[in-house]
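*Asks:* how does the following fold in three dimensions:
(one chain, ligands or ions: 1)
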Amino acid sequence: MPDTLKISRTGGVVLVRIDRPKQMNALNFQVGSELVSALEPLDNDPEVGCFVLTGNEAAFAAGADIKEMQAKTFGDMLAEDYPAIWERFGALRTPKIAAVNGYALGGGCELAMMCDFIIAGEGAQFGQPEIKLGIIPGIGGSQRLTRLVGRAKAMDMILTGRMMGAAEAESCGLVARVVADDKVVDTALDAAGRIAAYSKPAVQLAREAVNRAEESALSEGLLFERRMFQSLFATHDQKEGMAAFIEKRKPKFTGK
Ligand code: HXC
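*Replies:* The predicted model follows:
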């Protein structure tokens, strides 16, 4: 059983709650390794269709644990290669939704951005305050924030270390939806339930096609999308999904 996480499963949706309330859910190697140890086996479970990652009302995660990092040397950090464990979370193929209440700062903001999209409460606060500590983002912030919100806003956030509220985060593309604070987890679970009910191959290729948009020229991305689209016509789920529409009934997807 993980010490730093609470994990529950309802049907095809797995809810993971980061649970270090005394440290504002600050992240350390234990959180990262417990997260990937719990989710990697579920990533290949045909019954699991979506992960939701959340924290508590006060914080999604207030960043990497500063008290644990303070005395570390360059050699320690290089040997530990702390970012690598988080990249394994980012590499999970099952869709991931971040349900953010309170602070998502530093590594917390980066972890939310590793998810496929973010649903935030009205009181959520995002930021990359590493500059205030004499460091810079280390698990993708400079890259993912820039892709999501553009260079100007990313430079502003990363160089000043200021926080951004949920409304601004939604208006600049960091956040997909803003809802009342007490509706964040339910809204994310509802979205996750929908995703989990769809055809797994279609969901997987949809994510890969969207992710391709960030990593390739438009012509390459369009070709990738076209081939993925065409390949889904080899699945039973495509036949079933379209037959169900025509027959005015709910589809029964099997992932085949
Ligand atoms: C360790 C933390 C922490 C953190 C909060 N706490 N954030 N401990 N690491 N990142 C602890 C505090 O020390 C305090 O413990 C308790 O949580 C409550 O925090 P307060 O500061 O008293 O609360 P509040 O005044 O409400 O302010 C909340 C806050 C602030 C705005 C979130 O705590 C804050 O600015 N935290 C640091 C945010 C940050 O710089 N994150 C980036 C970290 S670097 P005690 O025991 O004193 O009560 C990073 C790099 C990522 O993330 C790259 C990795 C490779």
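*Asks:* close to the ligand: what parts of this protein are there?
*Replies:* 23-24, 26, 62-67, 82-83, 103, 105-107, 129-130, 133, 137-139 (CB under 6 Å from any ligand atom). Just so you know, the C-beta spots here come from the backbone N, C-alpha and C atoms, and that holds for glycine as well.
*Asks:* select only the buried ones of these in ChimeraX?
*Replies:* Selecting only the buried entries of the residues of the chain next to the ligand in ChimeraX, with 16 or more other CB atoms under 10 Å as the criterion:
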select :23,24,26,62,63,64,65,82,83,103,105,106,107,129,130,137,138,139
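*Asks:* and the residues of the chain next to the ligand, which of them are in helices?
*Replies:* Per DSSP state H, helices hold the following members of those: 66-67, 82-83, 107.
*Asks:* which of those residues sit farthest apart?
*Replies:* Lys67 and Pro83 (18.9 Å; CB to CB).
*Asks:* quick one, strands of the stretch 51-200 of the chain?
*Replies:* Under the criterion DSSP state E, counting those that start in this stretch, strands of the stretch 51-200 of the chain are mapped to 59-61, 96-100, 103-105, 117-121, 125-127, 163-165, 177-179.
*Asks:* now mean pLDDT and distance to Phe224 too, for those, in a markdown table please.
*Replies:* A markdown table is the format used below for the strands of the stretch 51-200 of the chain (pLDDT from 0 to 100; distance: least, CB to CB, whole Å):
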| stretch | mean pLDDT | distance to Phe224 |
| --- | --- | --- |
| strand 59-61 | 98 | 32 |
| strand 96-100 | 99 | 21 |
| strand 103-105 | 98 | 30 |
| strand 117-121 | 98 | 20 |
| strand 125-127 | 98 | 30 |
| strand 163-165 | 98 | 32 |
| strand 177-179 | 98 | 27 |
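*Asks:* of all the ones you listed, which one is nearest Ala217?
*Replies:* Per CB to CB, nearest to Ala217 of these: strand 117-121, 23.7 Å.
*Asks:* mind listing residues that contact the closest one?
*Replies:* 97-102, 104, 112, 126, 166, 169-170, 174-184, 187-188, 191 (CB atoms under 8 Å, 6 or more residues apart in numbering).
*Asks:* just checking: what are the partner strands of it?
*Replies:* The strands that strand 117-121 pairs with in its sheet are strand 96-100 (parallel), strand 177-179 (parallel) (by DSSP bridges).
*Asks:* go through those and pick out the most buried.
*Replies:* Comparing the strands paired with strand 117-121 by mean neighbour count (mean count of other CB atoms under 10 Å), strand 96-100 ranks first with a mean of 28.
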